[in-house]
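Engineer: Task: produce atomic coordinates for the following.
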Amino acid sequence: MKYYIVDAFTDQPFGGNPAGVVLLDGDVFPPEKLMPQIAAELRYSETAFVRRDSEKEFTVRYFTPKAEVDLCGHATIASFALLHRELGISGRCLCHTKAGDISVEAGPRVLMQMTPSEVLKTIEDTEEVYRAIGICDYTPTLPVMIVSTGLPDFMIQVGDVETLNRLPLDMSAISAVTEKHNAVSFHVFAFGNDCHTAHVRDFGPLYGVPEESATGTANASLTHYLQQNGSIPLTGDLSFLQGEAMGRPSVVATRVTADGTIYVGGTAAVVAEGEMLLM
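Structural biologist: Below you'll find the predicted structure:
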């Protein structure tokens, strides 16, 4: 069985967010017990198993080392970048997942359609939020909100990129605040004076992820949030730089179309490939 290790949201090896990808030769997925075992052997947060159903139609299943999950953004980007590299797949594709069917644009840069975003809550008392990331006496220009594109995340502005990259975090407090508000992560951002829309960091210690180097769903939520607060145009392409503080810089692209649909994606780098001998 052929497998690949692919870094999503980067064009350089050892950046971005890594995923395992297995391209299946036939139309049958491996046994249910075997797929999480393969994911555990590859040791990444998610491994995607990709079956080709027709010329531009695929079924993808995602496994952590412990269980199957319905959808994984960075593993989807990794999979379709790999399909472009290995099989020459380009253009609009249909991807069947357990979370539903999604439209994916394959090519050197992959874009995947996201579910509609919505603002769930505006946080009026922000003291405990900023205290959890080690900031006092700061008044943001944009409100703290919880926004969901499938997963509810806090959108939290800080003053500048230097502050963002040096946050004295209290992971226990972040866990407590996210649990209190039924959210998944703190998605903290700052505007910079460069080509990127914003620099971001994402913290989800409540779910065992102290920091994520690239998060597709949270940056889709940030795109919607910035729209709602008048900080970006209603349509166009955006770019978010994430993972700097982790030494794994990732560029997450988003696109907003005229009908309000948000796409998330980027490039990917294949780091390794090999054969798993299952006998």
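
Engineer: Check for me that Ser172 belongs to a strand.
Structural biologist: No: applying DSSP: H, G, I helix; E, B strand; the rest coil, one finds Ser172 to be helix, outside a strand.

Engineer: quick one: buried residues of the helix or strand hosting Pro18?
Structural biologist: When elements are assigned from DSSP states H and E, Pro18 belongs to strand 17-23. Under the neighbour-count criterion of 16 or more other CB atoms under 10 Å, strand 17-23 has Asn17, Pro18, Ala19, Gly20, Val21, Val22, Leu23 buried. Just so you know, the C-beta spots here come from the backbone N, C-alpha and C atoms, and that holds for glycine as well.

Engineer: Look up how far Val119 lies from the last one.
Structural biologist: Noted for Leu23: a distance of 39 Å to Val119, by CB to CB, to the nearest Å.

Engineer: Could I get the contacting residues of the nearest residue to Ile135 once chain neighbours are set aside?
Structural biologist: Nearest non-adjacent residue to Ile135, counting by CB to CB, 6 or more residues apart in numbering: Val158, 6.5 Å away. Contact analysis of Val158 by CB atoms under 8 Å, 6 or more residues apart in numbering lists Ile133, Ile135, Tyr138, Pro140, Leu164, Leu167, Val188, Phe189, Ala190.

Engineer: Is the fifth one part of a helix or strand, or is it coil?
Structural biologist: Spelled out, it's Leu164. Recorded secondary structure, Leu164: helix (three-state DSSP).

Engineer: how deep is it tucked in, by neighbour count?
Structural biologist: 22 (other CB atoms under 10 Å).

Engineer: In this structure it contacts Phe191, no?
Structural biologist: No: using CB atoms under 8 Å, Leu164 makes no contact with Phe191, being 9.9 Å away.

Engineer: shared neighbours, those two?
Structural biologist: Listed contacts common to Leu164 and Phe191 are His199; contacts here mean CB under 8 Å, 6+ apart.

Engineer: All set, thanks.
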